[in-house]
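K.L.:
A structural model of the following input is requested.
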Amino acid sequence: MSGEFTLDRASGYFARGGQRFIPVGVNYWPGSCGVEMWLDWPEDEMRGDLDLLTRLELNTLRSFLRWQDFEPECGRYNEVMFARLEQFLGWCRERGLCAHPSVFVGWMSGAAFRPEWFAGRNLFSDPALVERAETFCRKLSPIFARFSDCLLAVDLGNELDCLEESKQASPAAVRDWCGRVAVALRSQYPQAILVSGCDHNQVIQDTGWRLGDMPGMDLYSMHGY
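P.N.:
You can find the predicted model right below:
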C-alpha cells in the first residue's frame, strides 16, 4: 500500500508512501480514567481527544495496551478489548492520525503493570510467561496488519528496562525474549517497524537491554530524564 510506513536506515527518518514523515505527537490516556482506558472506554471523550489532536496539527498518537485487560486470566482473552483496539485504530485512521501502540506497558509513571496471574514469576526468564507473551503478540499481529496504512510503528513496551524482572533476568534471557516477541509480532505483519522504548537505564546500567543487541528492533527510543 502506498501509504504504509518504512524506515530509511541511512537517514534515520520515517517515510510514508516514499515521502519523509516526521512524527509529532503525544502519549495518550484519557483524562477521565487514565490507565483504566480499555475497561472504562469513554468513547465520546476519546474521540474528542483525537479531534483535538488533529486541530493542534499533531500527527501521531502513542497508546498503551494493558496486558491484564486483554488477558485477565492466563490463556483466556477478553475479546471485547481486541474489538476496542480495532475501534481505536479505526478512529485514528479516520482522522489521519498515525497510531504507535505499545504492547507491554511495563513501567510507567512510577508503577509497574503486569497481570496478577504472573504470580511473582519473571516475564523474561519464565518459559511459560515467555510463551504467553509470544501468543499475545501473535494475536495482535493480524490486527496491526489491518491498520498498516496508519500504524507508524509498534513499541514493545514502555521502559521495560526499568522493571525488576529486567534486572533479575540474565541479559541473554532479555535478549531472547526481545527476539521472540519480535518474531511473533511480525508473524502476520512482516513489514512492521518495531521499536524498543526504554529510558536512560539502558545506557547507565546493564538491565539486559543492550544497545546493538536487541534482536528484531528497527530503532531504539530512549526516554531521557
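K.L.:
Toward the C-terminus from the longest strand seen in the chain, list the very next helix or strand.
P.N.:
Counting by DSSP state E, the longest strand found in the chain is strand 98-108. Later in the chain than strand 98-108, the nearest helix or strand by DSSP states H and E is strand 111-113.
K.L.:
I'd like the mean pLDDT over that following strand, please.
P.N.:
Throughout strand 111-113, pLDDT has a mean value of 88.
K.L.:
What of stretch 163-174?
P.N.:
What stretch 163-174 shows for mean pLDDT is 94.
K.L.:
quick one: it to chain centroid distance?
P.N.:
19 Å (Cα atoms, centre = their mean, to the nearest Å).
K.L.:
Repeat that for stretch 11-27.
P.N.:
On the basis of Cα atoms, centre = their mean, stretch 11-27 sits 17 Å off its chain's mean C-alpha point.
K.L.:
again, but for stretch 186-205
P.N.:
Offset of stretch 186-205 from its chain centre (Cα atoms, centre = their mean): 9 Å.
K.L.:
and that stretch, average pLDDT?
P.N.:
92.
K.L.:
Buried residues, it. List them.
P.N.:
By neighbour count on 16 or more other Cβ atoms under 10 Å, the buried set for stretch 186-205 is 186-189, 192-199, 201-202. (Each C-beta comes from the backbone N, C-alpha and C, glycine too.)
K.L.:
what sits against the nearest residue to Ser63 once chain neighbours are set aside?
P.N.:
Once flanking residues are discounted, Ser63 sits nearest to Tyr28: 5.1 Å by Cβ to Cβ, 6 or more residues apart in numbering. For Tyr28, the contacting residues are Asp49, Leu61, Arg62, Ser63, by Cβ atoms under 8 Å, 6 or more residues apart in numbering.
K.L.:
Looking at those residues, which is nearest Leu129?
P.N.:
Proximity of the contacts of Tyr28 to Leu129 was ranked by Cβ to Cβ; the top entry is Ser63 with 23.3 Å.
K.L.:
Any idea what that closest one is bridged to?
P.N.:
Note on Ser63: beta-bridge partners by DSSP bridges are Pro101.
K.L.:
okay, now it: neighbour count?
P.N.:
Ser63 has 20 neighbouring residues, counting by other Cβ atoms under 10 Å.
K.L.:
so it makes contact with Ser102?
P.N.:
Yes - at 6.9 Å, Ser63 counts as touching Ser102 under the criterion of Cβ atoms under 8 Å.
K.L.:
Just the pLDDT for the residue most central in space within the chain.
P.N.:
Per Cα atoms, centre = their mean, the C-alpha nearest to the average position across the chain is that of Ser102, at 1.5 Å. The model reports Ser102 with a pLDDT of 96.
K.L.:
if I look at the spatially closest residue to Trp67 that is not a sequence neighbour, how far off is Phe70?
P.N.:
Computed as Cβ to Cβ, 6+ apart, the closest residue to Trp67 that is not its neighbour in sequence is Pro115, at 5.5 Å. Pro115 is 9 Å from Phe70, where distance means Cβ to Cβ, to the nearest Å.
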